[in-house]
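In: Just need the structure, nothing else, for what follows:
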Amino acid sequence: MRVTFRPVAASVAAAVMLVGCSGTDQIHRAPPAAATPAGAAARHGDLVTLAAYYAQKLRWQPCSGGFQCARLVVPLDYRAPAGRQFSLPVTRLPAADAARRIGSIVVNPGGPGGSGVDYARQARSALPAAVLARFDVVGFDPRGVGGSRPAVRCMNGPQLDRYLGTDDTPDNPAEMSALISQSRSFGQACERESGSLLPYVGTADAARDLDILRAALGDAKLTYLGKSYGTYLGTYYAQLFPHRVRALVLDGALDPGESAIDENIVQAEGFQVAFRSFAADCLKRQGCPLGQAGGSGLAGGTAAAAGVTVAIAKLQGLLSRTDHAPLANDLGDGRPANQALIAGGILAALYSKAYWPLLRQALRNGFAGDGTLLIELSDALVERGNSGSYSNLVESNMAINCIDRPWPRALSAWPPAAATARQDAPQFGALIMWGSLPCAYWPVRAAPVPAMRAAGAPPILVVGTTRDPATPYRWAQALARDLSSGVLLGRNGDGHTAYKMGSSCVDGIVNRYLIDGAVPRSGTVCP
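Out: Residues are numbered from 1 along each chain as shown. Presented below is the predicted three-dimensional model:
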């Protein structure tokens, strides 16, 4: 997989649920802003000072399903507020109980590059009735993302197909040369098509936008639910504006103190743990494509562990085979079902335990020589539509990741990093590490990440899942320790993120925190 995603399970779930459906894209999303050239951002002439941006009023219009829509204007460069601007789409679902309304809750699904508008549109399933009653649910597309005007664009559909299909586990000079060429070309394409935006799409500026949105919503303080990468956005907000925090839920937390290289390694380890958990579950079921439990002559846990080891070896055999001989597929678009796309499909399905049955079927097909379903899972993760067009998730994801924290610029640093990742996570480490290689050639250098303490903020609830594939639990533990007022809540389970993922214990604690400000004992772990 040629990108380092931190998407929220709910967004991936919506995509994966529709894998295989014909005639439509996988998920609803805001119309792309690709038709607006990067240099042609609209000017709102009356917004020339930061105070004017904070004083703007959102002009809400009805949109489908009981939602309201508006646009928020923010400066491209906060050091020059009289210059160019971003126009960001915003949507809200008004509180069901207007008489008891507390205010707004702003939601972000992660990515980076995930659409907050699309996520808010899932509010009735993503949030419980108790929260829907008391808060307007508000989502926005961050600067450069989705329906932002302008938005980051780099490549067309066929170019992205080639980029995402490039072998990202190079094991000979030709494959290494192709990987380097594609990674460099991606950075060059982004500079050519969106170069003037690239210095300004990082999380530090998005957090400032979030505060302008808070003011435009009429809230004295921010109530926020951020999932996955959305936890980093929320953490940055709390660092910049600690006294404007009302309640922040940071679910599926990232650790801002982790280096970029170490973050990739730890995430790869998380996917390795998740696959082991999937394999152990699969082996207990009839028709598991990875084998069957029992029959080894070993007892209890020893037999189970041996079975998982065999299952992982079988998976590695499939990945190794597709590295040299792609599987068949019936998509008819000329893309080979190679290791890059097969691995992307496996990773996509590991985001949520609800998709383990789909992964079992996809692997069953794959071992029989058919990679169609695995490619469709990979397409869902990167928001590729059936027509071959993409949202700008891949491009904005890379643009934000590459400037949010420093990456090695010397190519010589990458092979040892990939080797370490492969050692720690044999099936997924190298491909996740090499997927970030465009950052070595990125036209904009990243700034160092400040220490995130958010001193002066009220209690901030940091939530993690013990076997989370994309944001391992150790990151939630680290973030809760780093924040001056961090409170840790854990879910003992599988899948990405915890809130509204099947634990009534987690949901009840988060609801009480959002509504009443009540926090649990830090370190509480729910079943």
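In: just for the stretch 301-450 of the chain, where's the confidence low?
Out: Counting by pLDDT under 70, the stretch 301-450 of the chain has low-confidence residues at 301.
In: 80 instead, please
Out: Within the stretch 301-450 of the chain, the stretches with pLDDT under 80 are 301-303.
In: What of the stretch 1-150 of the chain?
Out: Residue ranges of the stretch 1-150 of the chain with pLDDT under 80: 1-45.
In: What ranges does it have for its helices?
Out: Counting by DSSP state H, counting those that start in this stretch, the stretch 1-150 of the chain has helices at residues 9-17, 50-55, 116-120, 123-126, 129-134.
In: what comes up buried for the last one?
Out: The one in question is helix 129-134. In terms of neighbour count (16 or more other Cβ atoms under 10 Å), helix 129-134 has its buried residues at A130, V131, L132, A133, R134. Glycine gets a C-beta too; all of them are placed from N, C-alpha and C.
In: likewise the third one?
Out: Within helix 116-120, the residues that qualify as buried are G116, V117, D118, Y119, A120, counting by 16+ other Cβ under 10 Å.
In: Which of these sits closest to A325?
Out: Relative to A325, the closest of the buried residues of helix 116-120 is D118; by Cβ to Cβ it sits at 37.1 Å.
In: L72 against S87, yeah?
Out: Yes - contact criterion Cβ atoms under 8 Å: L72 and S87 qualify, at 7.4 Å.
In: shared neighbours of those two, anything?
Out: Counting by Cβ atoms under 8 Å, 6 or more residues apart in numbering, L72 and S87 have no contacts in common.
In: Would you format the buried residues of helix 129-134 as TSV with distance to Q272 included?
Out: As requested, the buried residues of helix 129-134 are exported to TSV (distance: Cβ to Cβ, whole Å):
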residue	distance to Q272
A130	37
V131	34
L132	37
A133	41
R134	40
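In: all helices for the stretch 351-500 of the chain, in order.
Out: 356-367, 372-382, 393-404, 414-424, 429-434, 473-482.
In: between those helices, which one is nearest to P62?
Out: P62 sits nearest to helix 393-404 of all the helices of the stretch 351-500 of the chain, at 27.5 Å, using Cβ to Cβ.
In: contacts for the closest one?
Out: Looking at what lies outside helix 393-404 - Cβ under 8 Å, 6+ apart - the contacts are 3-5, 111-114, 144-146, 151-155, 160, 164, 186, 190, 194, 197-199, 201-203, 232, 260, 382-383, 436, 438-439, 442, 444-447, 449.
In: ok, R214 - how many residues close by?
Out: 25 (other Cβ atoms under 10 Å).
In: separation between it and V201?
Out: 20 Å (Cβ to Cβ, to the nearest Å).
In: wait, isn't I515 in contact with V131?
Out: Yes - if you go by Cβ under 8 Å, I515 and V131 touch, sitting 7.2 Å apart.
In: before we move on, the earlier item: out of the helices of the stretch 351-500 of the chain, which is closest to L240?
Out: Across the helices of the stretch 351-500 of the chain, L240 has its closest neighbour in helix 393-404 (14.5 Å, Cβ to Cβ).
In: For the closest one, buried residues please.
Out: L393, V394, E395, S396, N397, M398, A399, I400, N401, C402, I403, D404.
In: re the thing from before, with distance to N172 added, can I get the buried residues of helix 116-120 in a markdown table?
Out: As requested, the buried residues of helix 116-120 are exported to a markdown table (distance: Cβ to Cβ, whole Å):
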| residue | distance to N172 |
| --- | --- |
| G116 | 42 |
| V117 | 44 |
| D118 | 41 |
| Y119 | 42 |
| A120 | 47 |
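In: Closest one of these to M501?
Out: Y119 (14.7 Å).
In: thought that closest one was touching V107?
Out: Yes - between Y119 and V107 there is a contact under Cβ under 8 Å: 5.6 Å.
In: any shared contact partners between those two?
Out: A126, G139.
In: ok, which stretches of the stretch 1-150 of the chain are strands?
Out: 6-7, 61-62, 68-75, 85-93, 103-108, 110-111, 135-140 (DSSP state E, counting those that start in this stretch).
In: With respect to I342, which of these lies nearest?
Out: strand 6-7 (19.0 Å).
In: Can you report how many residues neighbour L331?
Out: 14.
In: meant to ask about P448, not that
Out: Residues lying near P448 (other Cβ under 10 Å) number 7.
In: Just give the nearest non-adjacent residue to it, would you?
Out: With Cβ to Cβ, 6 or more residues apart in numbering as the criterion, P448 has its nearest non-adjacent residue at 6.4 Å, and that residue is P406.
In: same thing with L489?
Out: In space, L489 is closest to V463, 4.8 Å off (Cβ to Cβ, 6+ apart).
In: Give the buried residues for stretch 167-187.
Out: Result for stretch 167-187 [16+ other Cβ under 10 Å]: buried residues D167, D168, T169, P170, M176, L179, I180, Q182, S183, S185, F186, G187.
In: pLDDT on it, on average?
Out: Averaged over stretch 167-187, pLDDT sits at 97.
In: what's Q56 in contact with, if anything?
Out: Shown in contact with Q56 (Cβ under 8 Å, 6+ apart): L47, L72, V73, I212, A216.
In: now do Q159
Out: Residues in contact with Q159 (Cβ under 8 Å, 6+ apart) are A189.
In: tell me the secondary structure for it?
Out: Under DSSP: H, G, I helix; E, B strand; the rest coil, Q159 falls in the helix class.
In: bridging residues for the residue lying closest to L93 once chain neighbours are set aside?
Out: Distance criterion Cβ to Cβ, 6+ apart; nearest residue to L93, sequence neighbours excluded, is V137 at 4.5 Å. On the basis of DSSP bridges, V137 is bridged to L93, I105.
In: What number of residues are in the vicinity of V137?
Out: Neighbour count of V137, defined by other Cβ under 10 Å: 26.
In: Run through the residues that contact it.
Out: V137 sits next to R92, L93, S104, I105, V107, A120, A123, L127, V131 when contact means Cβ under 8 Å, 6+ apart.
In: related to what we said a few turns ago, of the contacts of Q56, just say which sits nearest to A480.
Out: Taking Cβ to Cβ as the measure, A480 sits nearest to I212 out of the contacts of Q56, at 27.8 Å.
In: Only the buried residues of the helix or strand hosting the closest one, if you could.
Out: If you go by DSSP states H and E, I212 is part of helix 203-216. Buried positions in helix 203-216, judged by neighbour count with 16+ other Cβ under 10 Å: 203-214, 216.
In: Which residue is the nearest non-sequential neighbour of D468?
Out: Nearest non-adjacent residue to D468, counting by Cβ to Cβ, 6+ apart: H496, 5.4 Å away.
In: Against A354, how distant is that neighbour?
Out: According to Cβ to Cβ, H496 and A354 sit 11 Å apart.
In: Those two: which has the busier surroundings?
Out: The neighbour count for H496 versus A354, taken as other Cβ under 10 Å, is higher for H496 (30 against 16).
In: List the contacts of the closest residue to V74 other than its chain neighbours.
Out: Spatial nearest neighbour of V74, chain neighbours left out: D209 (4.6 Å); criterion: Cβ to Cβ, 6+ apart. When contacts are counted by Cβ under 8 Å, 6+ apart, D209 touches L72, V74, F86, L88, F140, P142, R143.
In: Return a PyMOL selection command for the buried portion of the residues you listed.
Out: In PyMOL, the members of the contacts of D209 classed as buried (16+ other Cβ under 10 Å) are selected with the following command:
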select buried, resi 72+74+86+88+140+142+143
